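Undergrad: Just need the structure, nothing else, for what follows:
(one chain, ligands or ions: 1)
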Amino acid sequence: MCGIVGYVGPRPAAELLITGLRRLEYRGYDSAGIATLDDDCTLHRHRTVGEVDNLARTVAVGGAPGSTGIAHTRWATHGIPSDHNAHPHASSAGDVIVVQNGIVENYRELRAELQAFLDAENRSWQSDTDTEVIPELISRQLAAGRSFEDSLAYAVGRLRGANAIAAFHRRDPDRIYAARKGSAGGIVVGYGEGEMFIASDLPALLPHTTSVHHLEDGDIAAIDRDGVSVRRSGEPAFKPTPREVDLDPIAIARGPYRHFMLKEIHEQPRALSDTIRGRARLNPPNALPSDLNLSDATLREIERVLVIGMGTSLHAAMIGRWWIEQIAGIPADFDNASEFRFRAPLLGPSTLVVAVTQSGETIDTLGAMNHVRDRWGAPQVVITNVDGSEATRQADASIVMRCGPEVGVASTKTFVGSLAALYLLACRIGRAQGRLSQDDLTVHLEQLLTAPSLLERGVQRAERCSEIAQLFGSASNFLVLGRGIEYPLAMEAALKCKEISYVHAEGYAAGEMKHGPIALLDHQFPVIALAPRGPLFDKMTSAIQQVSARRAPVIAIGDEGDDELAELVDHFIGVPPAPPLLTPFSLTPVVQLLAYHIALARGLDIDQPRNLAKTVTVE
Ligand code: M6R
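TA: Next comes the predicted model:
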């Protein structure tokens with residue numbers, strides 16, 4: 001979602017800021033903008049719809065001198081993507097420049113309040129955004145004689161909703177400011193030699209520094225070229241101690257792959273091996289032996305598990321529910337975090353809530369976690385790919401996947417990372433509860449250790465997926481069917497098709513198909529059937545027969561060498577046979593590659609699909 005970068009130091013700011021924006025492009029955006037201040041306090045502001053390249057061209061022509069500045073990629077929430085809605089926004093007096101990530105929920109109320117001042121001065125709003133109230137609020141306080149920091153703190157205090165903000169004062173070319181309220185994606189301060197940076201996310205900082213400080217909820221920061229001073233809820237200002245991060249910039253390069261998504265699909269075997277390393281021990285059998293900060297005594301008290309998440313993480317949660325029931329042997333359920341937080345379900349301290357969020361910053365999931373803490377005090381575990389993310393700070397315990405940075409907007413390797421963590425958690429709970437014997441635990445862990453090779457062999461089916469995509473690339477609809485543990489995967493396959501191929505696709509439980517969706521089927525409506533051999537295979541083949549009887553073409557993904565199935569369907573993709581609980585690992589790469597190749601056949605922008613954001617920090 002929106003990206004923020006800022007710079008103060010001796011070097012020309014514009015080039016650094018634009019490079020920083022490029023490194024945040026993966027978050028998703030529809031317009032971009034930059035504002036720099038030169039030594040004479042002349043403001044240079046440029047804003048353009050579309051790609052950062054457009055902004056770079058505009059800056060090359062118009063110029064943006066100065067060694068202080070802020071820049072932004074916008075993902076529209078209030079007001080269409082347009083030059084005038086793009087950030088940075090300025091106060092009507094032109095003295096305060098602001099970029100923002102988040103939503104000002106009470107912006108109508110604030111606009112109405114500020115309208116009287118604008119009317120009195122014969123000025124008007126310059127955009128349709130909620131953001132514009134922020135520089136206006138700050139400017140009014142400056143006019144009343146308050147310092148910039150006090151004015152920013154006042155403005156932040158007036159905003160409802162989660163927001164991250166960067167700003168500068170038109171008459172102060174030596175300083176930029178940042179503020180964080182709630183969980184709107186955060187702000188990281190980067191420490192250079194005689195220069196300082198800010199950004200929404202680490203990739204924008206890594207070419208310059210690995211020495212960083214994350215602002216916390218409520219922080220107001222003043223940054224000059226020598227450092228940062230932070231004010232937190234009325235306490236005296238302090239200079240935070242930076243910490244070193246070890247993200248490898250090489251790991252976020254695309255290498256020989258045409259798209260990050262393809263690279264990340266291929267990285268899955270390694271991401272899975274890294275995630276389970278040291279966490280699936282066989283002698284003696286032990287799952288998550290050291291890094292789950294919850295005691296066996298706590299896990300023994302649990303009577304129920306609720307797994308929550310959004311999008312791909314929700315699909316992982318659905319599979320996790322299956323494993324917790326089957327492996328741990330206790331009641332489990334899943335829920336969409338954005339719905340769960342507004343329901344009044346009956347939890348209690350004996351329910352363990354497991355939040356799945358690769359970014360650790362998804363506002364719906366964080367909102368649900370808050371809801372759990374405030375209302376029931378139930379213990380919470382988060383499964384995430386980002387150590388130190390907001391979700392890890394809120395949860396009682398974390399399982400951090402080790403997938404490395406995921407740049408493609410469509411989650412791929414973090415899906416399998418989440419699955420691995422959920423599987424291990426199910427084993428650990430089952431053992432702590434005494435419902436899973438040592439021998440059964442050994443079998444489950446041995447099976448999990450084969451998962452990287454299942455993924456490896458699945459990834460090798462790229463060519464076959466490409467052939468199928470050539471045949472069906474122009475289809476307008478897909479139905480994806482699965483049963484049991486493959487049903488959530490059918491939903492994930494459909495989500496991937498929607499996200500990157502912009503094709504309408506529905507994931508359905510195969511048994512549900514005849515209760516309505518079957519009416520849609522004809523010879524132009526391809527159906528993808530997930531049909532590995534397993535306890536529900538016969539029921540899947542019945543559903544396939546019902547589809548074929550309506551002349552809809554069937555693409556089945558089943559066990560390699562399953563000639564019977566191959567003969568039953570129009571097109572067949574074989575995957576390595578897997579134990580019944582492990583089929584999500586054998587099937588996942590193939591459904592991802594199918595969506596990828598369909599998008600490729602349709603000539604789409606795979607790593608930055610329209611309207612989507614990597615980290616969804618607004619409701
Ligand atoms: O960071 P999270 O896992 O919490 O993100 C949740 C969803 O926004 C995310 O999975 C989204 O659906 C992806 N674009 C899926 O590819």
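
Undergrad: how distant is stretch 482-498 from the center of its chain?
TA: 19 Å (Cα atoms, centre = their mean, to the nearest Å).

Undergrad: Can I get it as CSV, trimmed to CA atoms?
TA: Presented in CSV, the C-alpha positions along stretch 482-498 are these (Å, rounded to 0.1, in the frame of the first residue of the first chain):
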residue,chain,number,x,y,z
GLY,A,482,-11.3,-29.3,-4.3
ARG,A,483,-12.4,-31.3,-1.4
GLY,A,484,-11.2,-31.7,2.2
ILE,A,485,-7.7,-30.2,2.7
GLU,A,486,-7.7,-29.3,-1.1
TYR,A,487,-10.7,-27.1,-0.8
PRO,A,488,-8.8,-24.1,0.7
LEU,A,489,-6.2,-24.6,-2.0
ALA,A,490,-9.0,-24.4,-4.6
MET,A,491,-9.8,-21.0,-3.1
GLU,A,492,-6.1,-20.0,-3.2
ALA,A,493,-5.8,-21.0,-6.8
ALA,A,494,-8.9,-18.9,-7.7
LEU,A,495,-7.5,-15.9,-5.7
LYS,A,496,-4.2,-16.2,-7.6
CYS,A,497,-6.1,-16.2,-11.0
LYS,A,498,-8.1,-13.1,-9.9
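
Undergrad: Excluding chain neighbours, what is closest to the closest residue to the ligand within the stretch 501-619 of the chain?
TA: Going by Cβ to the nearest ligand atom, the ligand is nearest to Val616 of the stretch 501-619 of the chain, at 4.5 Å. Every C-beta, even on glycine, is put in place using the N, C-alpha and C of the backbone. Excluding its sequence neighbours, the residue lying closest to Val616 (Cβ to Cβ, 6 or more residues apart in numbering) is Thr362, at 5.3 Å.

Undergrad: residues near the one you found, how many?
TA: Neighbours of Thr362 under the rule other Cβ atoms under 10 Å: 29.

Undergrad: Find the residue closest to Ala556 in space, skipping its chain neighbours.
TA: For Ala556, ignoring the flanking residues on the chain, the nearest one in space by Cβ to Cβ, 6+ apart is Val569 at 4.1 Å.

Undergrad: ok, back up a step: how about the residue of the stretch 501-619 of the chain closest to the ligand, phi and psi?
TA: phi -100, psi 100 (degrees, to the nearest 10).

Undergrad: contacting residues for it?
TA: For Val616, the contact set (Cβ atoms under 8 Å, 6 or more residues apart in numbering) comprises 1, 310-311, 362-364.

Undergrad: which of those come close to the ligand?
TA: 310-311, 362 (Cβ under 6 Å from any ligand atom).

Undergrad: among the residues you listed, which one has the lowest pLDDT?
TA: Minimum pLDDT for the ones next to the ligand among the contacts of Val616 is recorded at Thr362 (92).

Undergrad: Give me the three-state assignment for Val212.
TA: strand (DSSP: H, G, I helix; E, B strand; the rest coil).

Undergrad: how much space between it and Arg243?
TA: According to Cβ to Cβ, to the nearest Å, Val212 and Arg243 sit 6 Å apart.

Undergrad: tally of neighbours for the residue of the chain found nearest the ligand?
TA: Using Cβ to the nearest ligand atom, the point where the chain gets nearest to the ligand is Gly311, with a distance of 2.0 Å. Neighbour count of Gly311, defined by other Cβ under 10 Å: 23.

Undergrad: Show me what from this structure comes close to the ligand.
TA: 310-313, 357-359, 362, 365, 409-411, 499, 612, 616.

Undergrad: Which one of those sits in the busiest neighbourhood?
TA: Neighbour counts for the residues of the chain next to the ligand, by other Cβ under 10 Å, peak at Thr357, which reaches 35 neighbours.

Undergrad: quick one, phi psi at that residue?
TA: Per degrees, to the nearest 10, the backbone of Thr357 is at phi -160, psi 110.

Undergrad: the more surrounded of Val212 and Arg243?
TA: Neighbour comparison, Val212 and Arg243: the larger count goes to Val212, with 22 against 11 (by other Cβ under 10 Å).

Undergrad: Just the residues contacting the least confident helix or strand in the chain by mean pLDDT, thanks.
TA: Using mean pLDDT, DSSP states H and E, strand 243-244 stands out as the lowest-scoring helix or strand of the chain, at a mean of 87. Strand 243-244 is contacted by residues 210-213 when judged by Cβ under 8 Å, 6+ apart.

Undergrad: cool, and stretch 535-545?
TA: 481-484, 510-511, 513-514, 527, 529-531, 554, 556, 565, 568-569, 580.

Undergrad: then the one helix or strand Arg57 maps to to CSV, C-alphas only?
TA: Assigned by DSSP states H and E, Arg57 belongs to helix 52-62. Output of helix 52-62 as CSV, limited to C-alpha atoms (Å, rounded to 0.1, in the frame of the first residue of the first chain):
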residue,chain,number,x,y,z
VAL,A,52,7.4,6.0,-10.7
ASP,A,53,9.1,6.2,-14.1
ASN,A,54,6.6,8.9,-15.0
LEU,A,55,7.5,10.9,-11.9
ALA,A,56,11.2,10.4,-12.7
ARG,A,57,10.7,11.9,-16.2
THR,A,58,8.8,14.8,-14.8
VAL,A,59,11.5,15.5,-12.3
ALA,A,60,14.2,15.3,-14.9
VAL,A,61,12.4,18.0,-16.9
GLY,A,62,11.2,20.2,-14.1
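
Undergrad: which helices and strands does the helix or strand following it pack with?
TA: Heading C-terminal from helix 52-62, the first helix or strand you meet, by DSSP H and E, is strand 68-74. Judged by 3 or more Cβ pairs under 8 Å, 6 or more residues apart in numbering; DSSP states H and E, strand 68-74 is in contact with strand 3-8, helix 13-22, strand 31-37, strand 96-102, strand 163-169, strand 176-181.

Undergrad: list the helices and strands the helix or strand following strand 68-74 packs on?
TA: The helix or strand immediately downstream of strand 68-74 is strand 89-90, counting by DSSP H and E. When contacts are defined as 3+ Cβ pairs under 8 Å, 6+ apart, strand 89-90 sits against strand 96-102, helix 133-143.

Undergrad: Quick one: buried ones out of the contacts of stretch 535-545?
TA: For those, a burial check counting by 16 or more other Cβ atoms under 10 Å picks out 481-484, 510-511, 513, 527, 529-531, 554, 556, 565, 568-569, 580.

Undergrad: Okay, and which of those map to helices?
TA: Per DSSP state H, helices hold the following members of the buried ones among the contacts of stretch 535-545: 565, 568.

Undergrad: Could you list the domains of this structure?
TA: The record's domain parsing of the chain by automatic domain parsing lists 3-250, 262-449, 457-601.

Undergrad: coming back round to it: list the buried residues of the helix holding Arg57.
TA: Neighbour-count burial for helix 52-62 [16+ other Cβ under 10 Å]: 52, 54-56, 58-59.

Undergrad: Repeat that for stretch 141-161.
TA: Buried, per 16+ other Cβ under 10 Å, within stretch 141-161: 141-142, 148-153, 155-156, 158-159, 161.
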